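**Student:** Test case, fold it:
(2 chains)
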Amino acid sequence: METPKIFEPGKIEEKWYAHWMEKGYFHSVPDNREPYTIVIPPPNITGVLHMGHMLNSTIQDVLIRRARMLGKNACWVPGTDHASIATEAKIVQKLKAEGIQKSDLTRDEFLSHAFQWKDKHGGIILEQLKKLGASCDWERTHFTMDKEYSESVVNVFIDLFNKGKIYRGVRMVNWDPEALTAVSDEEVIYKEVNSRLFYVRYKIDGSDDEWITIATTRPETILGDTAICVNPLDKRFTHLHGKSVIVPIVNRIVPILTDDYVDMEFGTGCLKITPAHDINDYEIGRKFNLASIDLFNENGTLNNNGLHYEGVDRFEVRKLIEKELHETGFLVKTEDHINKVGFSERTNAIIEPKLSMQWFVEMKDLAKPALENVMNNNIQFYPEKFKNTYRHWMENVKDWCISRQLWWGHRIPAWYYGEGVNDFVVALTADKAASLAHEKTGVVYKAEALKQDEDVLDTWFSSWLWPISVFNGLTQPNNPEINYYFPTNDLVTGPDIMFFWVARMVIAGYEYKGDLPFKNVYYTGIVRDKLGRKMSKSLGNSPDPIALIDQYGADGVRIGVLISSPAGNDLPFDTSQCEQGRNFTNKLWNVYRLVSAWEVVDFEQPQSANLAINWFESKFNKALSEINDAFDKFRISDALMLTYKLIWDDFCSWYLEIVKPGYEQPIDKLSKERTISFFEKLLILVHPFAPFISEELWHLIGNDKKGNDIIVASWPIAGKVDDATLLSFNQCEAVVSNIRNIRKQQNIANKVKLSLFVKSQVNEQLNFHAVIVKLGNLSTMEYINEDMKGAFSFLLGGKEFFIPFGEEIDIVAEKNKILAELEYIKGFLKSVQGKLSNEKFVSGAQSSVVESEKKKEQDALAKIKILSEKLAGFE
RNA sequence: GGGAGUUUAGCUCAGCUGGUUCAGAGCAUCUGCCUUACAAGCAGAGGGUCGGGGGUUCGAACCCCUCAACUCCCA
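**Tutor:** Take a look at the predicted model:
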């Protein structure tokens, strides 16, 4: 059967993935090998695979596959995150489409809908990862709301509460009026928006016609003003200190305060204070003990403090109140203005700062070991620059609002026995709570009489336990698995969740295991499109990864996303990169086509082949050390590029071209064996990047019989490197290139055989004589002592090479070429001599540097001599 | 407003402690080849005042100052 010219990935991917699964290669159990563990950043169960996952997962798979080949017990734990806000929103939406309102359902009914949805759609993204070749230990798949996992989360809450690190209180929080929940500071995204600055005048209380003008971007909050404030140093307002103003529309009399928080340059230098709806105003309000007048309902409409605007949406009120202020003469003017507005990360609704009763984690003490151990590199960040960002956040860490007014998530284990603020206890079960309440109050409560907190916990309050809880490290402390796999080795994630997740996992690691959760954190960049835009659903600029895999093959896509994505750098993605990846797999395929077609006959190995084998042995070993080094430094793209060049340039373009016999000629046994053995090793190196084709070819070249698979083949050990061989091969390459160059310039067809003459002081053959003859397509290659006239020539390593002119030769062009070269060398000599004649250089520079300059001078002089003689030869 | 980072070929990036023919790689481009594994290929070539300016040094892509542009984080 004819082997197709083009590699067809679709045919083999499923086959090998099923084979690997069947053999259980992905599954890990603790043994006496060294563990190598990665926990996947669990994607949202609502998610479908996007390019960010592709990048992230490919990197993890590369690391895992290489570790497996290095003989480690590789364990990549997959799973999904319940993603409370995103998922709840999705389910609410879905129910709405079916004509069901969330408010019509009980909590239990809603949750049953949610779990049904999860069971049906929750695993899509994991199935997609399989197409990519991800070698996750699927038997270990976890979900952040699994029974045992949930137990860990709730217990951690109880534990932190008992340690006094969790408290409940009324604070200014970020309110998402669409999701109807509080969110953490990290879930607010500030964006610049075009808005307007409204100048509104307030009448000074007790005056006839004296006014003060404030500037605000939020005129609708005027109804909640309880003061206005100026800078104490602002001379414009000194005469008003201690007076009061009348707030328009509500006609409330509020004081004029002074505080240096107020920026004299901004607006009018006079600020209205609405403590209920702005974090800074809130602080000022606390300082001056001002009343907070809450204006908004949970959904962003105005409440009964909004007077005639009650029930109207906050942005609608902004328009209406502008009109009213204008008509009543309070609005002085408006200006266009750019300001930063907070948006909800999940719903994109504009966040409303709102006072509310929530649960918080006190972060300050918890953060200490987490900061320390990153700063001292116990946990290493790649790239290191992210340490700065991390430190900045940790040093200014704020308390973490962890309660969410949602149903989908881990319900807060607080039980209320009364109406008072402190009438609650925290416990795992109602029974336990009842007895605690009894202890606390002396009153006997029935478990059924207690009311559990309605709120659930922030998703990240469960994700931060991920590296511990996927091994049940909290529910079964010191079980063999947690002891074996934890701390995990590497974490691969995006810098965008450094605070949400990475920092908090580090905190949890130290708090609950007294140890780091992972040793290295590799931050990937953001995948962007050709135009540099972030890939997103709304822009529609994100290619469908599965479609890409269908088009280019999983291996091609993996190479495509890795080929230019150094750690921490954004990846400007273009499908042409997948094309490059696919072309590379095709190249590998054709190596197989070539080598497999060689017919072996027993004859003596040609010298050129022998030389090539010796050279490639060294070349391979050298490249292998470089590749290992790149991996050790998490320079994955470099490792790939080194592998790519080793295969394409060194192996295919040089080695195979030397070894390969002429058309329909047989090959000797030894050369074929050695070639296949090199190819095997190269396939191993390429396997982490291109698992499917490497497995396929591994079997096609005969490893079927041995019954082993490349996925568990041993990573090669770098052997001896003979530098002298590498050096002389470089020379050989240069000679061949020069010959080809002359062919090209003179339009001499490749088929035409040439003669090459080498003039050399020492009368010995070049090391790679036979190789040059073969690749240069030479009829003869001879050594001479005299210059040759009537020939093209080039200089290399102190030797002069001549190719006699054939017929139609352009003498003038040849002469000009030599002249140009001479010119260049003379310039070079001048700069070298300039250095050497500079006394400061000779005395100041290291002697080795001076020596090398002297050597350069000698070489240049010799070259000039040769070129001048050559030129004379044309006369 | 505060902080961090980036700027090297058309694009994406390497370039270590300032010193070797150090200005590099891949892709893209151009030229010639359907040569017998691969045209998804082969061979060859061109292309950069290292963001601008100043300084330190015998010597600067690299160190210092300054200006500019961009990116990210925080408020």
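
**Student:** Report how many residues lie close to the closest residue to A:Phe461 other than its chain neighbours.
**Tutor:** Nearest residue to A:Phe461 in three dimensions, chain neighbours excluded: A:Ile402, at 4.9 Å (C-beta to C-beta, 6 or more residues apart in numbering). Backbone N, C-alpha and C define where each C-beta goes, glycine included. A:Ile402: 23 surrounding residues under other C-beta atoms under 10 Å.

**Student:** Please list all residues in contact with A:Ile402.
**Tutor:** A:Ile166, A:Ser184, A:Gln358, A:Trp359, A:Phe360, A:Val361, A:Leu457, A:Asp458, A:Phe461 (C-beta atoms under 8 Å, 6 or more residues apart in numbering).

**Student:** Give me the subset of these that lies in strands.
**Tutor:** The members of these that map onto strands under DSSP state E are A:Ile166, A:Gln358, A:Trp359, A:Phe360, A:Val361, A:Leu457.

**Student:** okay but the last one is in contact with A:Val156, surely?
**Tutor:** No: the pair A:Leu457 and A:Val156 does not pass the contact test of C-beta atoms under 8 Å, sitting 9.5 Å apart.

**Student:** among the ones in strands among the contacts of A:Ile402, which are in reach of RNA strand B?
**Tutor:** Contacts with RNA strand B within those, as defined by C-beta under 7 Å from any atom of the strand: none are present.

**Student:** And the residues you listed, which is closest to A:Ser728?
**Tutor:** Closest approach to A:Ser728 among those (C-beta to C-beta): A:Val361, at 66.0 Å.

**Student:** Now that closest one: closest residue in space, sequence neighbours ignored.
**Tutor:** A:Trp400 (4.3 Å).

**Student:** Can you tell me the closest non-neighbouring residue to A:Pro804?
**Tutor:** That would be A:Ala791: by C-beta to C-beta, 6+ apart, it lies 4.6 Å from A:Pro804.

**Student:** Give me the neighbour count for the one you found.
**Tutor:** Counted with other C-beta under 10 Å, A:Ala791 comes out at 19.

**Student:** Contacts only, for it.
**Tutor:** Per C-beta under 8 Å, 6+ apart, neighbours of A:Ala791: A:Phe757, A:Phe802, A:Ile803, A:Pro804, A:Phe805.

**Student:** Check those for burial and list the buried ones.
**Tutor:** If you count burial by 16 or more other C-beta atoms under 10 Å, the buried members of these come out as A:Phe757, A:Phe802, A:Ile803, A:Phe805.

**Student:** with the residues you listed in mind, which one is nearest to RNA strand B?
**Tutor:** Among these, A:Ile803 lies closest to RNA strand B (C-beta to the nearest atom of the strand), at 14.4 Å.

**Student:** quick one: is the helix or strand where the closest one lies near RNA strand B?
**Tutor:** Element membership for A:Ile803, per DSSP states H and E: strand A:799-804. No: if you take C-beta under 7 Å from any atom of the strand as the test, strand A:799-804 misses RNA strand B, and the best it gets is 13.4 Å.

**Student:** Residues contacting that strand, please?
**Tutor:** Contacts of strand A:799-804 (C-beta under 8 Å, 6+ apart): A:735, A:738-739, A:742, A:754-760, A:766, A:784, A:787-788, A:790-795, A:866.

**Student:** Following the chain past it, name the next helix or strand.
**Tutor:** As assigned by DSSP H and E, the chain's next helix or strand after strand A:799-804 is helix A:811-837.

**Student:** Around RNA strand B, which positions in the stretch 1-150 of chain A sit nearby?
**Tutor:** So far as C-beta under 7 Å from any atom of the strand goes, the stretch 1-150 of chain A lies against RNA strand B at A:Lys5, A:Ile6, A:Phe7.

**Student:** Could you identify the buried members of these?
**Tutor:** Using 16+ other C-beta under 10 Å, the buried ones in those are A:Phe7.

**Student:** Can you lay out the residues of the stretch 1-150 of chain A next to RNA strand B as CSV showing secondary structure?
**Tutor:** Formatted as CSV, these follow (DSSP: H, G, I helix; E, B strand; the rest coil):
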residue, secondary structure
A:Lys5, coil
A:Ile6, coil
A:Phe7, coil
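
**Student:** How about the residues of the stretch 701-850 of chain A by RNA strand B?
**Tutor:** Counting by C-beta under 7 Å from any atom of the strand, the stretch 701-850 of chain A sits next to RNA strand B at A:736-737, A:740-741, A:743-745, A:750-751, A:825, A:828, A:835, A:838, A:840-841, A:844-846, A:849.

**Student:** Find the centremost residue of chain A, please.
**Tutor:** Chain A has A:Thr524 as the residue nearest its centroid, 1.4 Å off, counting by C-alpha atoms, centre = their mean.

**Student:** Correct me if wrong: it contacts A:Asp490.
**Tutor:** No: here A:Thr524 does not reach A:Asp490: they are 12.0 Å apart, not a contact under C-beta under 8 Å.

**Student:** A:Pro543 belongs to a strand?
**Tutor:** No: with three-state DSSP as the criterion, A:Pro543 is assigned coil and is not in a strand.

**Student:** quick one, phi psi at it?
**Tutor:** Backbone torsions for A:Pro543, taken as degrees, to the nearest 10, come to phi -70, psi 150.

**Student:** For stretch A:252-262, list every residue counted as buried.
**Tutor:** In stretch A:252-262, counting by 16+ other C-beta under 10 Å, buried: A:Arg252, A:Val254, A:Pro255, A:Ile256, A:Leu257, A:Thr258, A:Asp259, A:Val262.

**Student:** just to revisit the earlier point, which strands border the strand holding A:Ile803, and is each parallel or antiparallel?
**Tutor:** Strand A:799-804 pairs in its sheet with strand A:754-759 (antiparallel), strand A:791-796 (antiparallel), by DSSP bridges.

**Student:** Which among the ones you listed is found nearest to A:Asp629?
**Tutor:** strand A:791-796 (30.4 Å).

**Student:** got the angle between that closest one and helix A:811-837?
**Tutor:** Here strand A:791-796 runs at an angle of 20 degrees relative to helix A:811-837 (axes from the mean of the first three to the mean of the last three C-alpha atoms, to 10 degrees).

**Student:** Just the C-alpha atoms of strand A:791-796, please, in PDB.
**Tutor:** Provided in PDB are the C-alpha atoms of strand A:791-796 (Å, rounded to 0.1, in the frame of the first residue of the first chain):
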ATOM      1  CA  ALA A 791      37.900  29.900 -11.200                       C
ATOM      2  CA  PHE A 792      35.300  31.000  -8.700                       C
ATOM      3  CA  SER A 793      36.700  31.000  -5.200                       C
ATOM      4  CA  PHE A 794      35.800  31.500  -1.600                       C
ATOM      5  CA  LEU A 795      37.700  31.700   1.600                       C
ATOM      6  CA  LEU A 796      36.900  29.700   4.700                       C
END
